[in-house]
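1. Fold the stuff below for me.
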Amino acid sequence: SKGPNAMALEAKNRGNAAFSSGDFEGAIKHFTEAIGLDPANHILYSNRSAAYSSLKKYEEALTDANKTIEINPNFAKAYSRKGAALHGLRRYGEAVEALNKGLTIEPSNEPMKTALVEAQQAMAQGADPMAMFANMFSGDIFTKLRMNPQTAPFLQQPDYVAMLTDIQKNPSNLSKYGQDKRLMASLGVLMGVSMGFGDDDAEMPDAPKREEPKKEEPKKEEPKKEEKEPEPMKVELTEDQKKAEAAKEKGNEAYKKKDFDTAIACYNEAIAADETNCLYLNNRAAVYLEQNKIEEAVADCEKAIEVGRSNRASFETIAKIFARLGNAHTKAKRYDDAIKAYNSSLLEHRTAPTLAALKKVEKLQEEDAKNAYLDPQKATEAKNRGNDFFRDGKYPESIKEYTEAIKRNPNDPALYSNRAAAYTKLQELPLGLKDCDEAIRLDPSFVKAYTRKGHIQFFMKEYRKALETYDEGLKRDPNNKELSESIERTIQQMNRPTGGGAPDKETMERAMADPEVQRIVSDPIMRQILEDMQSDPKAAAEHLKNPMIMAKVQKLVDAGILRIS
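-> Numbering: from 1, shown residues only. Below is the predicted model of the structure:
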């Protein structure tokens, strides 16, 4: 039997093929399978990172890129993957840093050089998240800073004044001073709010991914219609050829009327009159397909290809016959033969309909293989092996067995829930979350999936989402002790006293990557409200009675850039 490395290589190759065809979800699935078999192979994480980026799942792409670097810090492409993920997250400064690191390893890498220029341009255009605060430093900011007891002493420091002047001259330089606590304190004064974040040791959750603005897709060209074979000039036709053409025309008319027996007779007459014209055989094959006479159609197509090549038929004509041969094999569910025929057609002449037929049959082949692999009994055996590995702390091995069980029985929610638990142990939280969602989709009453999903959201510091998930679970099982205790623990965590001070650069970047946070801090009305709340506690209480304002304030608190008493 094949060893794990050989099986991992096969899975990787399937992932590469899926990626090349644009099936990024399928590629991720295959790369994940390969990782379960060979978790120390950095190439697998790098490939999966590229697939995640193609789906704009930049957080997952970044996680895989970092894992690649952890395994092999000298692998230049890993920094390219990291740069792409960070660019997608609009963390342009970090993207530039990652790409520069990659270029120190492989200075001649042209794609990485191009990516570096793009990230630098995006950062220069003020698209960096920190630069979104730059407009707050316009106008007469010194008077407001001088009136505040916290920032007034800073104005006696020449480097502080120079920093503010530099930012006013070039707002994109704001990110350069992101770790200066005086800058963050100044930002709070200019916004009119007290800015703070949680305990120094607590890592803030990543903000939701922000997609790049959609670019206008170029108009798709209409598939080119295949030109009809030019009719031979009448002056060049022999009497037999004239007879063959007349019989073909009668056969075409009968075919359109679905009079297939007459069509066959006419094409037989044409073939007998002119054995050098492969189109007559191809036309008869079309009729055989309509009559579900698959083997006769295959024989005619193969004969037509032989005749066509012997008589120097055009590439387009040979391609058309190969495509029909692919249709015949597809109808007989001989998918390997169909794929071979379609690929031969595309080598002769590339057309959109044949490409579509190839993709369709590849999908049919994959589904057929999946269905042939189903076996609930073997799924249970694999699940039990996974449970044993899990109890022994061998989490990669348990994931491999749970994945095998899912292939054997993809509709069992418990299998996804178990694999989610193993992913959680390996800190592969996005993958665990995805498995929990799939378990819930398969069986909304499966309470264990809600528990595990809530735990993952808790670990990701997404406390409000965790509460919502635990509540959904309690609706299904009101007496579930674990869910009730989890809710209490989450509420206690949310109510822990927060430390003072200014948010660090990473917290600011994560917060400002959220489009909702951007809208709130750039809204003049909300900024006035926040200033009122800072100066007048009574006004704060009144404002917070408004549910819409309360929701926006809570969003800033959850993002880690606002602290309220």
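
2. For residue 359, see how far away the residue nearest the centre of the chain is.
-> By C-alpha atoms, centre = their mean, the chain has its centre lying nearest to residue 55, at 2.3 Å. The gap separating residue 55 from residue 359 is 18 Å, by C-beta to C-beta, to the nearest Å. Yep, even glycine has a C-beta here, placed from its N, CA and C like the rest.

3. for residue 25, same thing?
-> In terms of C-beta to C-beta, residue 25 sits 14 Å off from residue 359.

4. out of those two, which sits in the busier spot?
-> Shown here are residue 25 and residue 359; by other C-beta atoms under 10 Å, residue 359 has more neighbours (14 against 10).

5. Not including adjacent chain positions, what is the nearest residue to that one?
-> Leaving aside its chain neighbours, residue 359 sits nearest to residue 21 (6.8 Å; criterion: C-beta to C-beta, 6 or more residues apart in numbering).

6. Residue 360 is in contact with that neighbour, correct?
-> No. Here residue 21 does not reach residue 360: they are 11.8 Å apart, not a contact under C-beta atoms under 8 Å.

7. Name the next helix or strand following the helix or strand of the chain with the lowest mean pLDDT along the chain.
-> Of all the helices and strands that make up the chain, helix 505-512 has the lowest average by mean pLDDT, DSSP states H and E, namely a mean of 66. Under the assignment DSSP states H and E, the closest C-terminal helix or strand after helix 505-512 is helix 515-522.

8. how about that following helix: buried residues?
-> Residues of helix 515-522 classed as buried by neighbour count (16 or more other C-beta atoms under 10 Å): 517, 520, 521.

9. And it, what does it pack against?
-> helix 505-512, helix 547-559 (3 or more C-beta pairs under 8 Å, 6 or more residues apart in numbering; DSSP states H and E).

10. Okay, angle between it and helix 547-559 too, please.
-> 110 degrees (axes from the mean of the first three to the mean of the last three C-alpha atoms, to 10 degrees).

11. then helix 515-522 to PDB, C-alphas only?
-> Only the C-alpha atoms of helix 515-522 are listed here, as PDB (Å, rounded to 0.1, in the frame of the first residue of the first chain):
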ATOM      1  CA  PRO A 515     -15.500  49.100   6.900                       C
ATOM      2  CA  GLU A 516     -18.100  49.700   9.600                       C
ATOM      3  CA  VAL A 517     -15.500  51.200  11.900                       C
ATOM      4  CA  GLN A 518     -14.300  53.400   9.100                       C
ATOM      5  CA  ARG A 519     -17.800  54.700   8.500                       C
ATOM      6  CA  ILE A 520     -18.300  55.500  12.200                       C
ATOM      7  CA  VAL A 521     -15.000  57.400  12.800                       C
ATOM      8  CA  SER A 522     -15.400  59.400   9.500                       C
END
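
12. now it, how far from the centre of its chain.
-> Remark: helix 515-522 is offset 25 Å from the chain centroid, using C-alpha atoms, centre = their mean, to the nearest Å.

13. Average pLDDT for it, rounded please.
-> Helix 515-522 carries an average pLDDT of 83.

14. who touches residue 285 in this structure?
-> Shown in contact with residue 285 (C-beta atoms under 8 Å, 6 or more residues apart in numbering): 296, 297, 298, 300, 301, 304, 321, 324, 325, 328.

15. where in the stretch 451-565 of the chain is pLDDT low?
-> Applying pLDDT under 70 to the stretch 451-565 of the chain flags the ranges 496-507, 509-511, 560, 563-565.

16. Is residue 410 in a helix, a strand, or coil?
-> coil (DSSP: H, G, I helix; E, B strand; the rest coil).

17. And for it, the neighbour number?
-> 15.

18. Distance of it relative to residue 431?
-> 16 Å.

19. same deal with residue 323?
-> Taken as C-beta to C-beta, the span from residue 323 to residue 431 is 40 Å.

20. Kindly report the same for residue 522.
-> Applying C-beta to C-beta to residue 522 and residue 431 gives a distance of 35 Å.

21. just residue 249 next, same as before
-> When residue 249 is compared with residue 431 (using C-beta to C-beta), they lie 61 Å apart.

22. Over to residue 101?
-> 26 Å.

23. higher neighbour count, those two?
-> Using other C-beta under 10 Å, the more surrounded residue of residue 101 and residue 431 is residue 431, with 22 against 16.

24. and that one, what is it in contact with?
-> 32, 60, 420, 423.

25. secondary structure class for it?
-> Going by three-state DSSP: residue 431 is helix.

26. and the residue nearest to residue 359, how far is that from residue 464?
-> 39 Å.

27. go on, residue 356?
-> Distance from residue 356 to residue 464, by C-beta to C-beta: 45 Å.

28. What mean pLDDT does the longest helix seen in the chain get?
-> Assignment by DSSP state H gives helix 352-373 as the longest helix of the chain. Averaged over helix 352-373, pLDDT sits at 90.

29. other SSEs contacting that helix?
-> Counting by 3+ C-beta pairs under 8 Å, 6+ apart, helix 352-373 packs on helix 315-331, helix 335-348, helix 395-408.

30. out of those, nearest to residue 147?
-> Residue 147 lies closest to helix 395-408 among the helices and strands packed on helix 352-373, at 57.0 Å (C-beta to C-beta).

31. relative to helix 352-373, how tilted is that closest one?
-> 100 degrees.
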